[in-house]
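>>> Fold the following.
(chains A, B, C and D)
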2 protein chains.
Amino acid sequence: MKISTRGRYALRMLVELARRQESGYVPLVEISESQNISKKYLEQIIPLLSRAGFLDAKLGLRGGYRLAKPATDYTVGDVLRATEGSLAPVACVENEGDCDHCDGCRTQPIWKNLAEVVAKYLDGITLQDVLDRNVDLERDISFADGLGI
Amino acid sequence: MKISTRGRYALRMLVELARRQESGYVPLVEISESQNISKKYLEQIIPLLSRAGFLDAKLGLRGGYRLAKPATDYTVGDVLRATEGSLAPVACVENEGDCDHCDGCRTQPIWKNLAEVVAKYLDGITLQDVLDRNVDLERDISFADGLGI
DNA sequence: TAAAATACCTACCAAATTGGTAAGTTTTGC
DNA sequence: GCAAAACTTACCAATTTGGTAGGTATTTTA
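Numbers count the residues shown, from 1 in each chain, chains lettered A, B, ... in the order given. All right, here's what the predicted structure looks like:
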């Protein structure tokens, strides 16, 4: 039930880019240094973010990365899905075919709802919220309102 | 962000024992067969549950396992903590000392609140609820009420 | 009292994942 | 043409995951 460094570093990198939205292209070495993450390891995470359309990269001298969209258009859930894969806690929530005993399974609803709870929470936070430190439980939990409770 | 087979099998084993609460001691081979989980692998998971005081075991012929407590006294959260370790999605939520940049960290509150959301959800479901198929989103999400929202 | 059924214990193992490092190649601005 | 930058490919060690194998200790019952 852990989130690996891939997802965490990706988020930190994007937050750093969001902080420097007005600075044009930011070279990776600067992100690496200010976030204290190995440049080589970040290079490995970046293709995941690029494929998701999160980054605008520029090659060559004075190149670097910047956000491809406004910071309000990224949710933490999206970033984690791009880097960690699905947020579902078990495989049979994504594709029920994987499971040989899903019918009559008493535990599957737990995982299915857990996935929903986690997704609702993480999809309710944008990169801009993270930047603004606008992340507190009172606000976050309010997603329950949307479920009509 | 996955729950491993350890936690899932443990939960299924306990549900099976809850179903047979009136049957006295249930031998492992029966649990293994009816849940279709390798007996040898279950043997490896059982010490985690025993250490947590979840099981009452009896050696010898006509021995086996049964629940040590009423099914209402186990929460899914407890079972997962006993088998998977902490439910926290990142290490620095449990002990902040692990983290060299927690002060000023913009992402840590996300993980901290996520841990709380997950725990509130999983601690709100008892083994008896699982047995009764009393697990649906409308009911589950109501934990938000307890947070004064 | 012996046999059978049971939990319990110790070792081992293969595959995948995690968290990186190393050494280049290509593109571009100055 | 040089230097800075992204990009690519390859490698690697440690840990976790998901098991299997084989044996020992304890208890009931026939």
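
>>> How about the contacts made by residue A:6?
A:45, A:48, A:83, A:84 (Cβ atoms under 8 Å, 6 or more residues apart in numbering or on different chains). C-beta here means a position set from N, CA and C on the backbone, and glycine is covered the same way.

>>> Counting by contacts, list what the helix or strand the third one falls within packs against.
Same thing as residue A:83. Taking DSSP states H and E as the definition, residue A:83 sits inside helix A:76-84. Judged by 3 or more Cβ pairs under 8 Å, 6 or more residues apart in numbering or on different chains; DSSP states H and E, helix A:76-84 is in contact with helix A:5-19, helix A:39-51, helix A:108-122, helix A:127-131.

>>> State the next helix or strand along the chain beyond it.
helix A:91-94.

>>> Give me the mean pLDDT for that following helix.
Averaging pLDDT along helix A:91-94 yields 87.

>>> Could you give the separation of it from the chain centroid?
19 Å (Cα atoms, centre = their mean, to the nearest Å).

>>> Please enumerate residues in contact with it?
Here helix A:91-94 makes contact (Cβ under 8 Å, 6+ apart) with A:86, A:88, A:98, A:99, A:102, A:105, A:108, A:111, A:112, A:115.

>>> could you measure the closest residue to residue A:63 other than its chain neighbours against residue A:52, distance?
The shortest distance from residue A:63 to any non-neighbouring residue, by Cβ to Cβ, 6 or more residues apart in numbering or on different chains, is to residue A:25 (5.6 Å). Residue A:25 sits 19 Å away from residue A:52, taking Cβ to Cβ, to the nearest Å as the criterion.

>>> With residue A:83 instead?
Applying Cβ to Cβ to residue A:83 and residue A:52 gives a distance of 9 Å.

>>> and the residue of chain A found nearest DNA strand C, which of the three is it?
Relative to DNA strand C, the nearest point of chain A is residue A:60 (2.4 Å; Cβ to the nearest atom of the strand). Three-state call for residue A:60 (DSSP: H, G, I helix; E, B strand; the rest coil): coil.

>>> what's near enough to touch it?
So residue A:60 contacts nothing (Cβ under 8 Å, 6+ apart).

>>> Could you export the contacts of helix A:91-94 as JSON lines, including neighbour count?
As requested, the contacts of helix A:91-94 are exported to JSON lines (neighbours: other Cβ atoms under 10 Å in any protein chain shown):
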{"residue": "A:86", "neighbour count": "16"}
{"residue": "A:88", "neighbour count": "21"}
{"residue": "A:98", "neighbour count": "11"}
{"residue": "A:99", "neighbour count": "14"}
{"residue": "A:102", "neighbour count": "13"}
{"residue": "A:105", "neighbour count": "16"}
{"residue": "A:108", "neighbour count": "19"}
{"residue": "A:111", "neighbour count": "20"}
{"residue": "A:112", "neighbour count": "20"}
{"residue": "A:115", "neighbour count": "18"}
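
>>> May I ask which two of the residues you listed are separated the most?
Greatest spatial distance among the contacts of helix A:91-94 (Cβ to Cβ): A:86 and A:105, at 18.8 Å.

>>> Close to DNA strand C: what parts of chain A are there?
Within chain A, the positions lying close to DNA strand C (Cβ under 7 Å from any atom of the strand) are A:4-6, A:38, A:40-41, A:43-44, A:59-63.

>>> about what we covered before: looking at the helices and strands packed on helix A:76-84, spot the one closest to residue B:73.
Comparing the helices and strands packed on helix A:76-84 by Cβ to Cβ, helix A:108-122 comes nearest, at 17.5 Å.
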